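Q: test case, fold it:
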Amino acid sequence: MSSNPDDLGGFFALPPFNAESALVQLKRTLREWRTLTERGDAYRFEGQEVLTLQADTDHLLARLAKRPARSPEWETRMCRSAADVRKLQDDLKRRLAQWADE
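A: Residues are numbered from 1 along each chain as shown. Sure, this is the predicted structure:
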């Protein structure tokens, strides 16, 4: 046994990240927002594609537009944990509010 009481030896290890279930949950959340239109794995804001999502074996790959445009400049995000997915959601929500105000 370890002499460090803070070392729990993996007793409380988080389950591995499941990209497929994270994608399903994220899509459900995005549908609730009603500011985005879903088309396959892509999402549109006021007719312009602003987000694409793709699940891989151990991560979720998201392409997020810096601003709505016909040919947007894309930012790629790789989500490898639930915290990464929450950060993506928060950033997207902030951008949608900003775009709606413009």
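Q: can you give me how far the lengthiest strand in the chain is from the chain middle?
A: If each strand of the chain is counted by residues according to DSSP state E, the longest one is strand 48-55. Centroid displacement of strand 48-55 relative to its chain, using Cα atoms, centre = their mean, to the nearest Å, is 10 Å.
Q: next: stretch 46-61.
A: 8 Å.
Q: and the residue nearest to Val50 when sequence neighbours are not counted, how many neighbours?
A: Nearest in space to Val50, with sequence neighbours left out and distances taken as Cβ to Cβ, 6 or more residues apart in numbering, is Ala65 at 4.2 Å. Using the backbone N, CA and C atoms, a C-beta is placed for each residue, glycine as well. Other residues near Ala65 number 22, with proximity taken as other Cβ atoms under 10 Å.
Q: likewise Val24?
A: By other Cβ under 10 Å, the residues close to Val24 number 12.
Q: again with Arg31
A: A count of nearby residues for Arg31, using other Cβ under 10 Å, gives 12.
Q: just how off-centre is the helix or strand where it lies within its chain?
A: Assignment of secondary structure by DSSP states H and E places Arg31 within helix 19-33. Computed by Cα atoms, centre = their mean, the chain-centroid distance of helix 19-33 equals 8 Å.
Q: what angle separates it from strand 48-55?
A: Comparing the axes of helix 19-33 and strand 48-55 via axes from the mean of the first three to the mean of the last three Cα atoms, to 10 degrees yields an angle of 150 degrees.
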